[in-house]
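J.: structural data only, the sequence is not supplied:
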């Protein structure tokens, strides 16, 4: 089993005999690739040291031609465990001491009450710079990628903070006394900052609350998002809309597709990868965007090469590949929420859509939304101990409109930022969409009965299962050749 077998069914097979092709088909099934990906996940989660001799033996297992799936799973699982242990060992808490050094911001400043906090790379590792009063106001003027010369005092994280910040590699906190100087970031950082500033300036016409919601949907900037809005969206199961998600990558590619289609295959592939990477930088490399970006890059590559890969296979390769490189992501809730939503879509969107009545575009949109919600519900319940009764309906009503805001938001926001006089007009659709999403969230919040989360999850699963069984029976009972209902598009024989 060659490396290409993880993407291309039957790739890397040396012969063309029936036995060889049958073996290639068996070894390159989605289940095999998923099993190898799960082995990588298990290794990254265990994060145990692996002796060099064992790693060498694992490398030999996969260097040989036509290595079996079991060998790939064992070898990559061991490598993930070794790399995970190496990353965990690098999280050395700094001793409490003064810090006078240049630091690089790796995130956007976040407000918490009267203070501000931002992750930064320092000589003692990644720490959270914090400030109050005038220092806090100064920190909010700077952005990801910029360099600051600071006088601060570093201390280790508290034990209860280590788990929360482990996936980001944060090892301590630093209270900033004074910012002595600053320097610009790289050309990439400066280009994304200009776009973020244009979107922010152009969306000011929406008002503070709507602007915060708009920036959260479009580029994941939740810096000025009111705590009440954040809590409300979390309670009703719409928190994925208030921060950037994997959907944004797909919508950006959709917006750029008219231009990309004009290019020849290889330049189109290069431009697509460049756009994906640039948008990941624009959204500050959020875990959910990393997952979506890697899957989109893999999909673009397989299309360019003329290969075939299912969504399940792309997801397994993306998850396994990223955890091999950055095993600390295994502790990121945002990463697993994104993976869960995607798994729900690739596994359940098709069956759910097939059983839904009505026009196919509407059924597809509702099917994808319900499948994604089913994928994230177990993770949300396990991590936060919460579940919203009406979240499937809430998502079905809000997500399609939010998707429109995401698609419209970047070109409209850039135009409004570059030509401020156009802002009131171009943001009329944005304002209407934001009003709809916010209204759905408010009504759903009022309608939540406050039942135990376990009961809510059980009821949701039972309702979806009964609905699928009921629609299947209706389809089986429909006489052959019967014309579909007024909500269907065409007779059953012509619907897919």
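T.: On my side now, so go ahead. Since the model is a prediction, treat every value here as computed from it, not as a measurement.

J.: just the helices in the stretch 351-496 of the chain please.
T.: 360-384, 391-418, 423-426, 428-447, 453-477 (DSSP state H, counting those that start in this stretch).

J.: including mean pLDDT, distance to residue 46 and mean neighbour count, could these go into TSV?
T.: No exception for glycine: its C-beta is placed from N, CA and C like everyone else's. Below are the helices of the stretch 351-496 of the chain laid out as TSV (pLDDT from 0 to 100; distance: least, C-beta to C-beta, whole Å; neighbours: other C-beta atoms under 10 Å):
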stretch	mean pLDDT	distance to residue 46	mean neighbour count
helix 360-384	81	19	19
helix 391-418	88	33	21
helix 423-426	94	51	16
helix 428-447	94	39	18
helix 453-477	70	28	13
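
J.: okay if I get these as CSV plus distance to residue 150?
T.: Output for the helices of the stretch 351-496 of the chain, formatted as CSV (distance: least, C-beta to C-beta, whole Å):
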stretch, distance to residue 150
helix 360-384, 34
helix 391-418, 31
helix 423-426, 36
helix 428-447, 37
helix 453-477, 43
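
J.: to residue 225, which of those helices lies closest?
T.: helix 428-447 (12.0 Å; C-beta to C-beta).

J.: contact partners of that closest one?
T.: For helix 428-447, the external contacting residues (C-beta atoms under 8 Å, 6 or more residues apart in numbering) are 203, 206, 209-210, 213-214, 217, 229, 232-233, 235-238, 241, 388, 390-391, 393-394, 397-398, 401-402, 404-405, 408-409, 412-413.

J.: repeat that with 7 Å
T.: Helix 428-447 is touched from outside by 206, 210, 213-214, 232-233, 235-236, 238, 241, 390, 394, 397-398, 401-402, 404-405, 408-409, 412, with contacts defined as C-beta atoms under 7 Å, 6 or more residues apart in numbering.

J.: residue 194: which of the helices of the stretch 351-496 of the chain is closest?
T.: helix 391-418 (9.4 Å).

J.: distance from that closest one to the middle of the chain?
T.: Chain-centre distance of helix 391-418: 16 Å, with C-alpha atoms, centre = their mean, to the nearest Å.

J.: which other helices and strands contact it?
T.: helix 187-202, helix 208-219, helix 246-260, helix 360-384, helix 423-426, helix 428-447 (3 or more C-beta pairs under 7 Å, 6 or more residues apart in numbering; DSSP states H and E).

J.: mind running it again at 10 Å?
T.: On a contact count with 3 or more C-beta pairs under 10 Å, 6 or more residues apart in numbering; DSSP states H and E, helix 391-418 meets helix 187-202, helix 208-219, helix 227-235, helix 246-260, helix 360-384, helix 423-426, helix 428-447, helix 453-477.

J.: any idea which helix or strand comes after the helix or strand hosting residue 88?
T.: Assigned by DSSP states H and E, residue 88 falls within helix 69-89. Per DSSP H and E, the first helix or strand lying C-terminal to helix 69-89 is strand 97-105.

J.: strand partners of that next one, parallel vs antiparallel please.
T.: strand 115-122 (antiparallel), strand 147-156 (antiparallel) (DSSP bridges).

J.: dump those strands into CSV; add mean neighbour count as well.
T.: Formatted as CSV, these follow (neighbours: other C-beta atoms under 10 Å):
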stretch, mean neighbour count
strand 115-122, 20
strand 147-156, 18
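
J.: helix, strand or coil for the nearest residue to residue 82 once chain neighbours are set aside?
T.: Counting by C-beta to C-beta, 6 or more residues apart in numbering, residue 82 lies nearest to residue 50, which is 4.0 Å off, once chain neighbours are set aside. Counting by DSSP: H, G, I helix; E, B strand; the rest coil, the backbone at residue 50 sits in coil.

J.: I figured residue 50 hits residue 74, correct?
T.: No - counting by C-beta atoms under 10 Å, residue 50 stays clear of residue 74, with 11.2 Å between them.

J.: between those two, which contacts overlap?
T.: Common neighbours of residue 50 and residue 74 are listed as 43, 58 (criterion: C-beta atoms under 10 Å, 6 or more residues apart in numbering).

J.: lowest-pLDDT helix or strand in this structure?
T.: helix 18-27 (a mean of 46; mean pLDDT, DSSP states H and E).

J.: follow the chain on from that helix and name the next helix or strand.
T.: Using DSSP H and E, the helix or strand that follows helix 18-27 in sequence is helix 30-46.

J.: okay, buried residues for that following helix please.
T.: Neighbour-count burial for helix 30-46, counted by 16 or more other C-beta atoms under 10 Å, picks out 30, 32, 33, 34, 36, 37, 39, 40, 41, 43, 44, 46.

J.: what do you get for stretch 131-147?
T.: For stretch 131-147, the neighbour count (16+ other C-beta under 10 Å) marks 131, 135, 136, 138, 139, 140, 142, 143, 144, 145, 146, 147 as buried.

J.: let's see which of those residues end up in strands.
T.: Using DSSP state E, the subset of those located in strands is 131, 147.

J.: re the thing from before, burial measure for the residue nearest to residue 82, as a count.
T.: 20 (other C-beta atoms under 10 Å).

J.: and it, how far from residue 320?
T.: 17 Å (C-beta to C-beta, to the nearest Å).
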